[in-house]
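*Asks:* my questions concern the predicted model and sequence given below.
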Amino acid sequence: MQVSRRRYLDASAQDPQWLSPEECVRLAGASPVLWLGGSEPLLHPEIGEVASALVQSGRHVFLHTSGVDLRKRIHEFRPQSRLFFAVEFAGRAGVHDARAGRPGAFSRAMESIRAAKLSGFLVCAHVTVDAQTGVCGIDELFETLDEKDVDGFVVSSGGARHSAALVRKLEEIRGIIRHGGWEQFSVLLESGFAELAAAPAHRQLPGAPAGALEDAD
């Protein structure tokens, strides 16, 4: 995985200067697979056009999201074979809601998957793992998401500080996926978290959370 060293502007700042779809395509370079991350790419006012422009340029695009606002923005996207919504989960309902800091976050994420699938989109679950993650709980989460007909699973630390125990846990949970392609993509994505790069806006203010547009090839 090659990682572009780009920056983005914290969406909580006043008057964010977002990159245009054309600028996003230019900055993406020749990378065939793109991970659009950051605090929440759906905050970008033209994110549907950004995703479409990147896909039309021949790339596979994974748009990472909490799923909270996906239903009300989904009309801005068009189902395409190279576009995936990557909906994040930290665990089953209680754990996920606690990590998200809002009751009902798990239910809204699950509903976003249902809405996306009914609209013809490809969806993968991005499961983030840390030292407190229980393997049995993630196994049950995978079963629940399988029932929602997700198209794949990505497992990463989400940028958490690594330890030998966390590395072993990531390997164990990735083994539950039982699909070589998604396991390998998880490993490639993890290798990019050490060098976080661009979500699509002009610059990053001091103290803003890191964003990621990681390029896998």
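*Replies:* Okay, I see it.
*Asks:* Leu34 and Ser57 touch, don't they?
*Replies:* No. With contact defined as Cβ atoms under 8 Å, Leu34 does not reach Ser57; the gap is 9.6 Å. Quick note: C-beta positions are derived from backbone N, CA and C, even for glycine.
*Asks:* compare the two (neighbour count), which wins?
*Replies:* Using other Cβ atoms under 10 Å, the more surrounded residue of Leu34 and Ser57 is Leu34, with 26 against 16.
*Asks:* and the more buried one, helix, strand or coil?
*Replies:* Secondary structure state of Leu34, per DSSP: H, G, I helix; E, B strand; the rest coil, is strand.
*Asks:* what is it paired to in the beta sheet?
*Replies:* Val61, Asp215 (DSSP bridges).
*Asks:* quick check, pLDDT for it.
*Replies:* Leu34 carries a pLDDT value of 87.
*Asks:* show me the strands in this protein, by range?
*Replies:* For the chain, the strands defined by DSSP state E cover 2-3, 33-36, 60-65, 83-89, 122-128, 152-156, 213-216.
*Asks:* and those strands, which one averages the lowest pLDDT?
*Replies:* Per-segment mean pLDDT for the strands of the chain reaches its minimum on strand 2-3, at a mean of 30.
*Asks:* need the overlap of contacts for Leu34 and Ser57.
*Replies:* Shared contacts of Leu34 and Ser57, defined by Cβ atoms under 8 Å, 6 or more residues apart in numbering, are found at Ala28.
*Asks:* dump the strands of the chain into CSV; add distance to Glu49 as well.
*Replies:* Below are these laid out as CSV (distance: least, Cβ to Cβ, whole Å):
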stretch, distance to Glu49
strand 2-3, 24
strand 33-36, 13
strand 60-65, 12
strand 83-89, 12
strand 122-128, 19
strand 152-156, 24
strand 213-216, 16
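*Asks:* out of the ones you listed, nearest to Ala100?
*Replies:* Nearest to Ala100 among the strands of the chain is strand 83-89 (9.0 Å), distances taken as Cβ to Cβ.
*Asks:* what lines up beside that closest one in the sheet?
*Replies:* Per DSSP bridges, strand 83-89 is paired in its sheet with strand 60-65 (parallel), strand 122-128 (parallel).
*Asks:* got a markdown table for those, with distance to Pro79 too?
*Replies:* Listed next are the strands paired with strand 83-89 as a markdown table, based on distance: least, Cβ to Cβ, whole Å:
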| stretch | distance to Pro79 |
| --- | --- |
| strand 60-65 | 12 |
| strand 122-128 | 8 |
